[in-house]
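Novice: Turn this into a structure:
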Amino acid sequence: MHYDTDSLQNKPAHNEFSARLSPSHPDMLKIFLIEDSLLLQELLGSMLSELDGVEYVGCADGEAEALRRLAENPVDLVIIDVELKQGSGIGVLDALQTDSDRYGTPRKVVLTNYGHTTMRQRCERFGMDAFFDKSLHINQLLDYVAAAAHDKSAH
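Specialist: Residues are numbered from 1 along each chain as shown. Below you'll find the model as predicted:
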């Protein structure tokens, strides 16, 4: 299957998904996506925006931009790809684990093509809360997010 990613190239960082967001509500699970694939940014952003109790607040394709935006607007859950355009998901995990004064204490979910045990163990050392393989576990990721949203609204 061929995906037309050319049409995604000129999208601004705040795309049509963020335009559909309702005003922030304290019971909503705020999610930020760190992913270098424009196609996955679009697809996951759309899927996350449709989940009850979820506020998809945006995405970044590199470590520095992600950490800057997370410092400005802390979230409840971060979905992190390991391989990024700049820096790495491991660097993001490390920063989130070591500087909770700056970033808060979001759940850290890794979504990667590197689903092998060695990468999972490395991410666990940096405080990852959940680990999903992009090619196999998108539905499980969405189930995890839905459960996290339910947990937040129940408290």
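
Novice: and for the helix or strand containing F131, what are the contacting residues?
Specialist: Taking DSSP states H and E as the criterion, the element that holds F131 is strand 130-133. Under the criterion C-beta atoms under 8 Å, 6 or more residues apart in numbering, residues 107-113, 115, 120, 123-124, 138, 140-141, 144 lie in contact with strand 130-133. For glycine as for every other residue, the C-beta is placed from the backbone atoms N, C-alpha and C.

Novice: Dump the C-alpha coordinates for whichever helix or strand comes after it into CSV.
Specialist: Read in the C-terminal direction, the helix or strand following strand 130-133 is helix 138-154, with elements assigned using DSSP H and E. Output for helix 138-154, consisting of C-alpha atoms alone and laid out as CSV, is shown next (Å, rounded to 0.1, in the frame of the first residue of the first chain):
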residue,chain,number,x,y,z
ILE,A,138,-1.4,0.2,17.8
ASN,A,139,-4.7,-1.2,19.1
GLN,A,140,-3.1,-2.2,22.4
LEU,A,141,-1.7,1.4,22.7
LEU,A,142,-5.1,2.8,22.1
ASP,A,143,-6.6,0.5,24.8
TYR,A,144,-3.8,1.6,27.2
VAL,A,145,-4.6,5.3,26.5
ALA,A,146,-8.4,4.7,26.9
ALA,A,147,-7.8,2.9,30.3
ALA,A,148,-5.5,5.8,31.4
ALA,A,149,-8.2,8.3,30.5
HIS,A,150,-10.8,6.3,32.4
ASP,A,151,-8.5,6.1,35.4
LYS,A,152,-8.0,9.8,35.4
SER,A,153,-11.7,10.6,35.1
ALA,A,154,-12.5,8.2,37.9
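
Novice: any residues touching stretch 55-73, and which ones?
Specialist: The contact list for stretch 55-73, computed with C-beta under 8 Å, 6+ apart, reads 13-14, 17-18, 21-22, 24-25, 28-36, 38, 41, 45, 48-49, 75, 78, 80, 84-89, 91-92, 95-96, 102-103, 106.

Novice: Tell me which stretches of the protein form strands.
Specialist: With strands called from DSSP state E, the chain shows them at 29-34, 54-60, 77-80, 107-112, 130-133.
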